[in-house]
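*Asks:* model this:
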Amino acid sequence: MHDKPSGDSCESASTNADQDIQDQGVVLAQVLAIYPAQLRLLELVREITAGSSDFAERDQVERAVGDLVGVGLLFSCDGAVLPTRAALRFNEILGEGS
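*Replies:* So this is what the prediction gives:
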């Protein structure tokens, strides 16, 4: 562990943060694209990962959902995942800007 150059941990953290943001974008885009239809978390994971049984892929989606719930862009209740009013409004704003 001490043999690694000191910059490696910063680069890795940045890469992980970048991947988390990318994962969140994929999840949010998918939830917004199917709205007003709704998916349960397991269905969303299956759809985004193309049914993969790889733990890491499923975990990425589940973490992204949790992060988006935490910042108020998704709402999750009884396994259903829905965009919040803030996410819907942001999507409207993006649509009007194009």
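*Asks:* point to the residue nearest the middle of the chain.
*Replies:* When Cα atoms, centre = their mean is applied to the chain, the residue found nearest the centroid is Gln24 (2.5 Å).
*Asks:* so which elements touch the helix or strand where Val65 lies?
*Replies:* If you go by DSSP states H and E, Val65 is part of helix 55-70. Packing contacts for helix 55-70, counted by 3 or more Cβ pairs under 8 Å, 6 or more residues apart in numbering; DSSP states H and E, involve helix 7-34, helix 41-48, strand 74-77. Every C-beta, even on glycine, is put in place using the N, C-alpha and C of the backbone.
*Asks:* and the last one, how far from the chain's centre?
*Replies:* Relative to its chain's centre, strand 74-77 lies at 12 Å (Cα atoms, centre = their mean, to the nearest Å).
*Asks:* who touches that strand?
*Replies:* Val27, Leu28, Val31, Leu41, Val65, Leu68, Val69, Val81, Leu82, Pro83, Thr84, Ala87 (Cβ atoms under 8 Å, 6 or more residues apart in numbering).
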